[in-house]
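J.: Coordinates for the following, if possible.
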Amino acid sequence: MSKPDDLLQTARCEDLLYEQISEVAVTGAFERRILDSLKGNGANLVEGARGVGKSMLLRMAELELDGEFAAQKKLGVYVNFKTSALLEGVKADEKDAFQIWVNIKILEALHEKLLSLNLIAKSGNQDPYFRVFGVSSVGKTKVLLEEKIHLLQKLAFKKSDEKAIVEEIGVEFLSKAMDTAFLNNVIKEIADEFGIQKVIFLFDEAAHTFIPAQQTIFFEIFKLLHGGRVACKAAVYPTVTNYGRNFEVGQDAIILPVFRFDPGEAGRRENRAHFRSILDKRLPRTGSLRRKIFERGAELDLCIDLSNGNPRALLHILNAALSSAMSLSERSVSLAVQSYVDRELIPYHQSLAKRLPIYGSHIRVGLDLLRGYMIPEIRTKNHRQTKSGYQSAFFTLQRDMSPNLKLSLDILSYSGMVSQAGTIKIAGGNTGPRYAVNLALMATEKAFGTAKLPDAISRLSLTDYREFSSSDSQIATYLDSLRVVSPICSSCSAPLIENAKFCSECGHPVSARPIVSALLEEPTEALPISARLSDRVKPKFPTVGMIVQAKRSELMQIPYIKDVRSRIIKNAADEFISG
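T.: Down below sits the predicted model:
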């Protein structure tokens, strides 16, 4: 059993061990609907912003499938594609290293699952991959697959040794691993051999990178694998996932939205109960910490409401509020929310320009538009005296908005600054998308008509929104600089012409390096970990890339960094380069 105070600090699902998932998992009606679909035969996409619990739902589905395997013969295989960005633009014997890497990761995860359920013996000779790799020992197969994955990732760091690395991987192995049809046949043979009715792949982090070419390749593999004995599920982000031309959402896979925000009284009550259950599982049954949190019911409700339906945001806000005061208070919560917005929410959105430089202007202008015009307009609306007494955090636009405006809003949705909240009738008898501004951002921008946040939140209504016209002159002013999509100079931010080698304004050379190269060179301080952890790590591992390449055992050689903290640091680095 884990120490519950550690679990309160563990905001990412990736930081939890397999056995800890069941300790902290909370399953309500909302989760049950998604879990039943994830365990079913159809293809599904679990869609939601960062931190809403997509990974947790995939792992919960895996746990339930494991427990039911003896009776149902449905094999749940969780596959995490974190660090896929390392393979951007990388070739292995003129073949796409990313596609090979994905297929090997699938084989590795399937092998691990067969091992964990004792379908193959750790010390036995019956390895289902014997025909594929010619290795009879289960243990040797595990080492082989791990080594091949490591070598492929090594290609991203060791360009000068590419030929030697490819030779070590093996040309024949690369040819087999490249062929998804071959992979499919291996999976089906294993299903037949072990009497498995269904193999359900639960893909995590696959589409979380901003590299469109990788996303397209992954969804081609997804489509080729799904069918017959195999069912595929994947976690995706809203609006920005690139499915490619051959994959049609709705036809090839059904979306399962993970969006808990509901401003109504019943919705708030349900959310508060759910998030309290999450905290109940993570807190010691006795002691001052539980009392400190649960005895301040109104302040805890405020933390939950301002987390915008995002469990990770709640844990960040709650931990920050507790660290700054002896007990929860409206002031400590307000300061914690301000810190969350200033240090996490806004910086993350701004950092997307490093991962998606061609849309750097959309990222900057979209945020400026939201904070400089849209939120102030909602603020003005909230300060007007009305008979209804409603408060708003919502705005709408016409469906035929400009592509530049839509892209800017899509990226704001990805980063969690806004959320899509359905479709609604607008002026002229038309319909348009409704957006909800993150409540934490609304609070820090003082956009409500009252300083009493609980009162403002209790008066929110989906029917009260600020409607913007696509021809709004103020919006047009912001978008004037986005008429032409182009990359910008990393030195002076001037637009670059296509295939430019030097900036026409400042003469700075234009780098053709993959996006991930710049991210790997970022200092350790850029990671979303505490300053105390960062200070301990950076003398030995000063850059993100060094942490990505390091083994956890190397991190644990640093004083006060052991199993839990090393896992948190590694996951933070992997997530940083994944987007």
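
J.: going forward, measure contacts and count neighbours with C-alpha atoms only.
T.: Fine.

J.: which element is K163 on?
T.: Secondary-structure assignment from DSSP states H and E places K163 in helix 162-169.

J.: quick one: buried residues of the very next helix or strand once past that helix?
T.: Later in the chain than helix 162-169, the nearest helix or strand by DSSP H and E is helix 171-178. Of the residues in helix 171-178, those buried under the neighbour-count criterion (16 or more other C-alpha atoms under 10 Å) are 174, 176-178.

J.: helices and strands around the helix or strand just after helix 171-178, which ones?
T.: Sequence order places helix 180-193 as the next helix or strand after helix 171-178, per DSSP H and E. Taking 3 or more C-alpha pairs under 8 Å, 6 or more residues apart in numbering; DSSP states H and E as contact, the helices and strands that helix 180-193 lies on are helix 97-116, helix 212-225.

J.: In TSV: those helices, plus mean pLDDT.
T.: Written out in TSV, the entries for the helices and strands packed on helix 180-193 read as follows (pLDDT from 0 to 100):
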stretch	mean pLDDT
helix 97-116	91
helix 212-225	89
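
J.: Low-confidence stretches in the stretch 151-300 of the chain?
T.: Applying pLDDT under 70 to the stretch 151-300 of the chain flags the ranges 158-160, 206-210.

J.: repeat for the stretch 401-550 of the chain
T.: Across the stretch 401-550 of the chain, the ranges flagged by pLDDT under 70 are 483-495, 497-499, 510-515.

J.: Show me the strands in it, by range?
T.: 418-425, 431-437, 466-467 (DSSP state E, counting those that start in this stretch).

J.: Compare these and give me the one nearest A321.
T.: Each of those was scored for nearness to A321 using C-alpha to C-alpha, and the closest is strand 431-437 (22.3 Å).

J.: quick one, that closest one and strand 418-425 angle?
T.: Here strand 431-437 runs at 150 degrees with respect to strand 418-425, directions being taken by axes from the mean of the first three to the mean of the last three C-alpha atoms, to 10 degrees.

J.: ok so, going back, so can I have a markdown table of the buried residues of helix 171-178 showing distance to L367?
T.: Compiled in a markdown table, these are given as follows (distance: C-alpha to C-alpha, whole Å):
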| residue | distance to L367 |
| --- | --- |
| L174 | 44 |
| K176 | 46 |
| A177 | 43 |
| M178 | 41 |
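
J.: Quickly name whichever of the residues you listed is closest to G139.
T.: Distances from the buried residues of helix 171-178 to G139 were compared by C-alpha to C-alpha; the smallest belongs to A177, at 19.8 Å.

J.: separation between that closest one and L145?
T.: Per C-alpha to C-alpha, to the nearest Å, A177 is found 11 Å from L145.

J.: Can you work out which residues contact both of those two?
T.: Counting by C-alpha atoms under 8 Å, 6 or more residues apart in numbering, the residues touching both A177 and L145 are I104.

J.: Look at A573 and say how many residues are nearby.
T.: Other residues near A573 number 26, with proximity taken as other C-alpha atoms under 10 Å.

J.: thinking again about what came up before, who wins for proximity to Q549 among the helices and strands packed on helix 180-193?
T.: Nearest to Q549 among the helices and strands packed on helix 180-193 is helix 97-116 (16.4 Å), distances taken as C-alpha to C-alpha.

J.: Now that closest one: buried residues?
T.: Using 16+ other C-alpha under 10 Å, the residues of helix 97-116 that count as buried are 97-115.

J.: now stretch 142-151
T.: Neighbour-count burial for stretch 142-151, counted by 16+ other C-alpha under 10 Å, picks out 142, 144-145, 148-149, 151.

J.: Filter those residues down to the ones in strands?
T.: Cross-referencing the buried residues of stretch 142-151 against strands under DSSP state E gives no overlap.

J.: need those in a markdown table with distance to R32, can you?
T.: Putting the buried residues of stretch 142-151 into a markdown table (distance: C-alpha to C-alpha, whole Å) gives the following:
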| residue | distance to R32 |
| --- | --- |
| K142 | 34 |
| L144 | 38 |
| L145 | 34 |
| K148 | 37 |
| I149 | 35 |
| L151 | 40 |
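
J.: Of the residues you listed, which is the nearest to R260?
T.: I149 (36.7 Å).

J.: Wait, that closest one touches I106, no?
T.: No - with contact defined as C-alpha atoms under 8 Å, I149 does not count as touching I106 (11.0 Å).

J.: can you tell me how far A29 sits from E270?
T.: For A29 relative to E270 (C-alpha to C-alpha), the value is 10 Å.

J.: More neighbours: which of those two?
T.: Comparing A29 with E270 by other C-alpha under 10 Å, the one with more neighbours is E270, at 15 against 8.

J.: Now do the same contact list for the closest residue to A234 other than its chain neighbours.
T.: Counting by C-alpha to C-alpha, 6 or more residues apart in numbering, F203 is the residue found nearest to A234 once chain neighbours are left out, at 4.5 Å. Under the criterion of C-alpha under 8 Å, 6+ apart, the contact list for F203 reads 58, 78-81, 232-235.

J.: any chance of the residues you listed in TSV, with distance to L306, neighbour count and secondary structure too?
T.: Supplementary listing: the contacts of F203 in TSV, determined by distance: C-alpha to C-alpha, whole Å; neighbours: other C-alpha atoms under 10 Å; DSSP: H, G, I helix; E, B strand; the rest coil:
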residue	distance to L306	neighbour count	secondary structure
L58	25	26	helix
Y78	31	24	strand
V79	32	22	strand
N80	30	19	strand
F81	31	20	coil
C232	34	26	strand
K233	30	27	strand
A234	28	27	strand
A235	24	24	strand
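
J.: Which pair of these spans the longest distance?
T.: F81 and C232 (14.2 Å).

J.: Mind listing residues that contact stretch 558-576?
T.: Outside stretch 558-576, the residues that reach it (C-alpha under 8 Å, 6+ apart) are 10, 14-15, 82-83, 519, 527-529, 536-537, 544, 547-548, 552, 555-556.

J.: Quick one: mean pLDDT for it?
T.: With pLDDT averaged residue by residue, stretch 558-576 scores 85.

J.: Tell me how far the closest residue to R229 other than its chain neighbours lies from E14.
T.: The spatial neighbour of R229 that comes closest, neighbours along the chain excluded (C-alpha to C-alpha, 6+ apart), is K198 at 4.8 Å. The gap separating K198 from E14 is 26 Å, by C-alpha to C-alpha.

J.: next one: F203
T.: Distance from F203 to E14, counting by C-alpha to C-alpha: 13 Å.

J.: do the same with E88
T.: The span separating E88 from E14 equals 23 Å under the rule C-alpha to C-alpha.

J.: can you check N44 too?
T.: Taking C-alpha to C-alpha, one finds N44 at 21 Å from E14.

J.: That's all I had, so thanks and see you.
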